[in-house]
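What shape does this take:
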Amino acid sequence: MSRDRGAGAHLMLVLTATMAVGPLLTHSLSAMSPLVIQDLQLTETQFGLLATTTFLVAALTAVRTGRWADRLTARTLLVVMFGGAALAMLLTAAAPGYTVLLLAMVLSGLGQVMANPATNRLIRLHVPAARRASWLGIKQAGVQASQLVAGLTFPALGLLLGWRTAVLVAVGVVLLLLVHGWWTVPDNHAGTPAGRASRTASRSGTAPRSRTRAALTSWAPLRSWAARRSRSAPAPPSRPARPPMPGVVRAYAAAAALTGLGAQAANVYLPLYAHRELGLDVVTAGATVSVSALVGIASRVLWARVMDRPRADGFVLLAGMALGAAASAVVLILAPLHPGLGWAVWPAAVLHGGAALAVSVVVMSGAMRAVPAERVGASTGVVTMGLYGGFCAGPLVLGGLLQLTGSFAVGWAVVLAGYLACAGLAVLVRSRARR
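Numbering: from 1, shown residues only. Take a look at the predicted model:
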């Protein structure tokens, strides 16, 4: 019993760390945004394009890498994800200018895109069905744990050591977590069904195909008979086409995109907004995303437990969460209008963490329920593509509007519209399901 608990604790740490290391670079740069922008002389649009680049790469590769997560071993996936995160951080710390920094963000996107499909598959294989949604919520909270650590530590490290050295500190942490994961992660299957069938045949004493072919070519009568047999035999049936992805998965992907736009826009620009619009110092402004992250950790676990219930309806939850996130955007629009409303950034951060940052738990859990085990990686890839599509649009849109208008208000209004559209989508899907 204690051994099972220990294995479960190690698996949970691996899952949570896998979700945390991918976005750590983006969160750290966001928390140190005033320092990074000043050092590299970036515009607001250029800074937003860093996160956009990462998530655009992730969105474009999400479906294919989701299928890879169904085939590759768990250790191989860990090396790709943790190694990609470490290399991206090293390149960022050494970047002489903006172009190299963009290349680092491309590498970061390639490294983190497999995190959701890989971890969801491990949960499906190694966690009892009744506990999967709870485990999903805890491992998804790894993203917010990364954001919490970044908001609390990187602004201070950046001021004391410089932002580049602060990023190098994170590299050491990522490598330590990779070593732990390598030794403790349970192994996944090693390849395709055909590969497993051939290994099964080998173990059962069936001769390898190459030996059979050699025997045929060495015995002329048998070769002649085999040729006649092959000509008379009917053609083998064609491989069945891959069934289409259920419509509910595509609906979850659309909801993920609409909420992802606002969630990542706030994750990237909330510290800069608090610093410029509300007059908070660099460390206090960085703490705004830490508050969101802390609430986000708790909310992801809470909403995951709700999704564990047999009759839980993901779209009902999405409607409520989207409206809560919309309230956060409204507060962010109103806060700079009066000098006495600067404190409102904190309840806005709480609403952001409690609603927008927890959406991924609902959409991932819903996507896992909608397909059989062998398609979990593919369905997660579809939802991940939507999520990262929203992630890449949010910082780019908000940064561009900020540079164009000189104010955050228009950008937050676009974020508000995305949240309201998600609520409308959830209501529409739910109403059609009742018919």
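
name the helices or strands packed onto the helix or strand hosting Thr288?
Assigned by DSSP states H and E, Thr288 belongs to helix 282-307. Packing contacts for helix 282-307, counted by 3 or more C-beta pairs under 8 Å, 6 or more residues apart in numbering; DSSP states H and E, involve helix 2-31, helix 33-40, helix 132-161, helix 247-276, helix 314-334, helix 345-354, helix 359-369. Heads up, the C-betas are built off the backbone N, CA and C, glycines and all.

which residues of the stretch 51-200 of the chain score low on pLDDT?
Along the stretch 51-200 of the chain, the parts satisfying pLDDT under 70 run over 187-200.

Nearest to the spatial middle of this protein, which residue is it?
Asn116 (5.2 Å; C-alpha atoms, centre = their mean).

list the contacts for that one?
19, 364, 380, 383-384, 387 (C-beta atoms under 8 Å, 6 or more residues apart in numbering).

likewise Cys392?
Applying C-beta under 8 Å, 6+ apart, the residues contacting Cys392 are 51-56, 58-59, 264.

same deal with Gly411?
Contacts of Gly411 (C-beta under 8 Å, 6+ apart): 265, 269, 397-399, 401-402.

tell me the angle the helix or strand containing it makes with helix 247-276.
Assigned by DSSP H and E, Gly411 falls within helix 409-434. Angle of helix 409-434 versus helix 247-276, following axes from the mean of the first three to the mean of the last three C-alpha atoms, to 10 degrees, is 160 degrees.

gap between helix 409-434 and the chain center?
21 Å (C-alpha atoms, centre = their mean, to the nearest Å).

in it, what counts as buried?
409-412, 414-416, 418-423, 425-426, 429-430 (16 or more other C-beta atoms under 10 Å).

and if you look at stretch 49-66?
Buried-residue list, stretch 49-66, by 16+ other C-beta under 10 Å: 49-63, 65-66.

Stretch 34-54 now?
34-37, 42, 44-54.

can you check stretch 113-127 too?
Buried-residue list, stretch 113-127, by 16+ other C-beta under 10 Å: 113-124, 126-127.

List just the nearest of the residues you listed to Val174.
Ala115 (12.9 Å; C-beta to C-beta).

what's near enough to touch that closest one?
18-19, 22, 81.

I'd like the mean pLDDT over stretch 23-34, please.
Mean pLDDT, stretch 23-34: 89.

Excluding its own residues, what touches that stretch? List them.
36, 47, 50-51, 54, 85, 88-89, 92, 104-105, 108, 112, 143, 146-147, 149-151, 154-155, 158, 163, 166-167, 170, 174, 267-272, 275, 282, 285-286, 289.

cutoff 6 Å now
36, 51, 54, 88-89, 108, 143, 146-147, 150-151, 154-155, 158, 163, 170, 268, 271-272, 275, 282, 286 (C-beta atoms under 6 Å, 6 or more residues apart in numbering).

Also stretch 278-288?
For stretch 278-288, using C-beta under 6 Å, 6+ apart, the contacting residues are 31, 34, 151, 155-156, 270-271, 274-275, 342, 345, 349.

Those, buried ones only, as a ChimeraX selection?
Buried subset of the contacts of stretch 278-288, written as a ChimeraX selection, criterion 16+ other C-beta under 10 Å:
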select :31,34,151,155,270,271,274,275,345,349
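
of all the contacts of stretch 278-288, which two lie farthest apart?
Ala156 and Gly342 (21.6 Å).

Tell me the secondary structure of Leu122, please.
helix (DSSP: H, G, I helix; E, B strand; the rest coil).

Against Ser108, how distant is it?
Distance check for Leu122 against Ser108: by C-beta to C-beta, to the nearest Å, it reads 22 Å.

same question, Glu277
For Glu277 relative to Ser108 (C-beta to C-beta), the value is 28 Å.

Same question for Val397.
The value you get for Val397 to Ser108, if C-beta to C-beta is used, is 20 Å.

swap in Met81?
10 Å.

can you tell me which residues contact the closest residue to Tyr273 other than its chain neighbours?
Nearest residue to Tyr273, sequence neighbours excluded (C-beta to C-beta, 6 or more residues apart in numbering): Phe408, at 5.2 Å. Going by C-beta under 6 Å, 6+ apart, Phe408 touches 273, 277, 402.

who has more neighbours, Glu277 and Ser108?
Neighbour count, other C-beta atoms under 10 Å: between Glu277 and Ser108, Ser108 has more, with 31 against 17.

Surely the more buried one is in contact with Leu87?
No: assessed by C-beta atoms under 6 Å, Ser108 is found out of contact with Leu87, at 8.8 Å.

I am finished for the moment; much appreciated.
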